[in-house]
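Undergrad: Task: produce atomic coordinates for the following.
(one chain, ligands or ions: 1)
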Amino acid sequence: MNIDWDKLHKAAIDVMKNAYAPYSNFKVGVASLVDDGRIVVGCNSENASYGVGLCAECGLISSLTASGGGRLVATVCVDGNGDFLSPCGRCRQLLFEHGGNEMLFMTPDGPKPFSTLLPWAFGPEDLK
Ligand code: THU
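TA: This is a model prediction of the structure:
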């Protein structure tokens, strides 16, 4: 499957601009290519009750499921400058559920298989 990384990067930057981050002032945007060709996106959404704020990846996963599901093929996450951002630990787990070890994740060193970001991950296979 062809991956248009520039298009994904632009989608992540576009949605990052919609982030609601009045407390941290740290906007995050994320965009993924799904195996049926569609692109899903998410941005962080904070809360006056700080601890319940949602990471950008939470929004992306919710959007993936709400729009029909599928497997994540490639993902780009950016900070407020549009630079590639490393996802937090919880969000690595969320992404792993739907992308597995093979999903490609953009880093400053280029796209890497997700297994390099979350080695020996716990996932659906472990429940069998
Ligand atoms: N954040 C994300 O949206 N995704 C990550 O992977 C890292 C952190 C958000 C949470 C919070 O709104 C802000 O970045 C600062 O931590």
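Undergrad: check contacts around Lys27.
TA: For Lys27, the contacting residues are Met16, Lys17, Ala19, Ala21, Cys43, Asn44, Asp79, Gly80, by Cβ atoms under 8 Å, 6 or more residues apart in numbering. All C-beta atoms are positioned from the backbone trio N, CA, C, and that covers glycine.
Undergrad: and with 7 Å instead?
TA: Met16, Ala19, Ala21, Asn44, Gly80 (Cβ atoms under 7 Å, 6 or more residues apart in numbering).
Undergrad: who in this structure is up against the ligand?
TA: Residues of the chain lying close to the ligand (Cβ under 6 Å from any ligand atom) are 21, 24, 26, 28, 44, 46, 53, 55-57, 87-88, 91.
Undergrad: Just the buried ones from these?
TA: Ala21, Val28, Asn44, Glu46, Gly53, Cys55, Ala56, Glu57, Pro87, Cys91 (16 or more other Cβ atoms under 10 Å).
Undergrad: helices and strands around the helix or strand where the last one lies, which ones?
TA: In this structure, Cys91 is located in helix 89-99 according to DSSP states H and E. Secondary structure elements in contact with helix 89-99, counted by 3 or more Cβ pairs under 7 Å, 6 or more residues apart in numbering; DSSP states H and E, are helix 56-66, strand 72-78.
Undergrad: hmm, try it at 6 Å
TA: Applying 3 or more Cβ pairs under 6 Å, 6 or more residues apart in numbering; DSSP states H and E, one finds that helix 89-99 contacts helix 56-66.
Undergrad: chain center to the helix holding Cys91, what's the gap?
TA: 8 Å (Cα atoms, centre = their mean, to the nearest Å).
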